[in-house]
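> structure here, sequence nowhere to be found:
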């Protein structure tokens, strides 16, 4: 059954969070209550000119104080600067190793975990965009992380082949995903009910909407965190809500099971989205999660990115556009 568009709404990133209390992911296999925070990258420029010799001037009467200028009204604009990476591929690889360790370490403080995940995502995007770096970066990855590294890079390159370079940013609202503990519960409940691996459901949720961070319909009319066409959801949703994370994840499990996931996962995911590159990307992320469920901690904090004629653009939580926005105009107002 054909249900929807043939490309993911994100190439992001996301991902691509505003301070809020969330339930943590499987960090060491144990759900934890955590306080999550998005670390905005704010650049400040200071003058570096050396001071000259002091100038002596005659004292003069002080002028009367000028009337203060009226303050401009505060306009809340979400920040969205991308996490900075090192200047050379070797250092990017070394930093990625440290961040991979951090997202898998159950003792990493939540703020550090979020920062590590944001850099992890940015590094994989940069490496995916620069195949000429492979001979420099890959030898620096230790053996225990090499499989996850290879799979993340391969997934990124498959998604790159699907993502159009657009001159406008989409009419989406970017919101925090559901608490990680809730999402993991939904994936496992759907696995128990349908036999579809929780890791595949999580990987599809990641690729489709950054685990529900993207609130917006596709150009084909697909809706909700798992991006169903309403007619298709009617057949698998069990009377639920297409925009509910739990209902949408359960529906995805039912659809994949009905399309033979137990015997041929590749075929079942292809029925979900008719693209070989899409299926391969989902398969790589699912394999990372199967090998180490703690990797979900990193994916959970990923941001939403779009490939545009103005470069990669991060859409932060709080982005809210009722209509497409020219990418160059957005980047001018929100330096990346």
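Cool, got the structure. The structure displayed is predicted, hence computed values, not measured ones. Residues are numbered from 1 along each chain as shown.
> residues in contact with the host helix or strand of residue 93?
Taking DSSP states H and E as the criterion, residue 93 maps to helix 89-104. By Cβ atoms under 8 Å, 6 or more residues apart in numbering, the list of residues contacting helix 89-104 from outside reads 27, 85-86, 108, 112-113, 116-117, 119-120, 123-124, 126-127, 130, 133, 136-138, 140-142, 145, 148-149, 292, 294-295, 297-298, 301. All C-beta atoms are positioned from the backbone trio N, CA, C, and that covers glycine.
> buried subset of those residues, written for ChimeraX?
Of the contacts of helix 89-104, the buried ones go into a single ChimeraX selection, burial set by 16 or more other Cβ atoms under 10 Å:
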select :27,85,108,113,116,117,119,120,123,124,126,127,133,137,141,145,148,149,292,294,295,297,298,301
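> in the stretch 151-300 of the chain, which spans are strands?
168-169, 173-174, 214-215 (DSSP state E, counting those that start in this stretch).
> which elements pack onto the helix or strand following the helix holding residue 93?
Next along the chain after helix 89-104, taking DSSP H and E as the criterion, comes helix 110-129. Helix 110-129 makes packing contacts with strand 33-36, helix 89-104, helix 143-162, helix 296-300 when contacts are defined by 3 or more Cβ pairs under 8 Å, 6 or more residues apart in numbering; DSSP states H and E.
> how far does the third one sit from its chain's centre?
Averaging C-alpha positions (Cα atoms, centre = their mean, to the nearest Å) puts helix 143-162 15 Å from its chain's average.
> now it: mean pLDDT?
Per-residue confidence for helix 143-162 averages out to 97 on the pLDDT scale.
> run the angle between that helix and helix 89-104 for me.
In this structure, helix 143-162 runs at an angle of 110 degrees to helix 89-104, with axes from the mean of the first three to the mean of the last three Cα atoms, to 10 degrees as the basis.
> contacts made by helix 143-162 with the rest, please.
Under the criterion Cβ under 8 Å, 6+ apart, external residues in contact with helix 143-162 comprise 7-8, 11, 96-97, 100-101, 124-125, 127-129, 131, 134, 138, 141, 207, 275, 277-278, 280-282, 284-285, 287-288, 291-292, 295, 307.
> which of those residues are buried?
Among those, those scoring as buried are 7-8, 11, 96-97, 100, 124-125, 127-128, 141, 207, 275, 277-278, 280-282, 284-285, 287-288, 292, 295, 307 (criterion: 16+ other Cβ under 10 Å).
> thinking again about what came up before, relative to residue 319, which of the helices and strands packed on helix 110-129 is closest?
Closest approach to residue 319 among the helices and strands packed on helix 110-129 (Cβ to Cβ): strand 33-36, 17.3 Å.
> could you list the low-confidence segments of this structure?
Within the chain, the stretches falling below the threshold (pLDDT under 70) are 1-79.
> the helix or strand in which residue 312 is found packs against which elements?
When secondary structure is defined using DSSP H and E, the element that contains residue 312 is strand 311-315. In terms of contact count using 3+ Cβ pairs under 8 Å, 6+ apart, strand 311-315 is assigned the packing partners strand 304-308, helix 327-333.
> may I have the strands that pair with that strand, each with its orientation?
The partner list of strand 311-315 in its sheet, established with DSSP bridges, is strand 304-308 (antiparallel).
> and the partner strand, how far out from the chain middle?
Once both centres are worked out by Cα atoms, centre = their mean, strand 304-308 turns out to sit 10 Å from its chain's centre.
> ditto for stretch 275-288
Between the centre of stretch 275-288 and the centre of its chain there are 16 Å (Cα atoms, centre = their mean).
> sorry, back to before: in JSON lines: the strands of the stretch 151-300 of the chain, plus distance to residue 227 and mean neighbour count.
Converted to JSON lines, these look like this (distance: least, Cβ to Cβ, whole Å; neighbours: other Cβ atoms under 10 Å):
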{"stretch": "strand 168-169", "distance to residue 227": "18", "mean neighbour count": "19"}
{"stretch": "strand 173-174", "distance to residue 227": "15", "mean neighbour count": "21"}
{"stretch": "strand 214-215", "distance to residue 227": "9", "mean neighbour count": "22"}
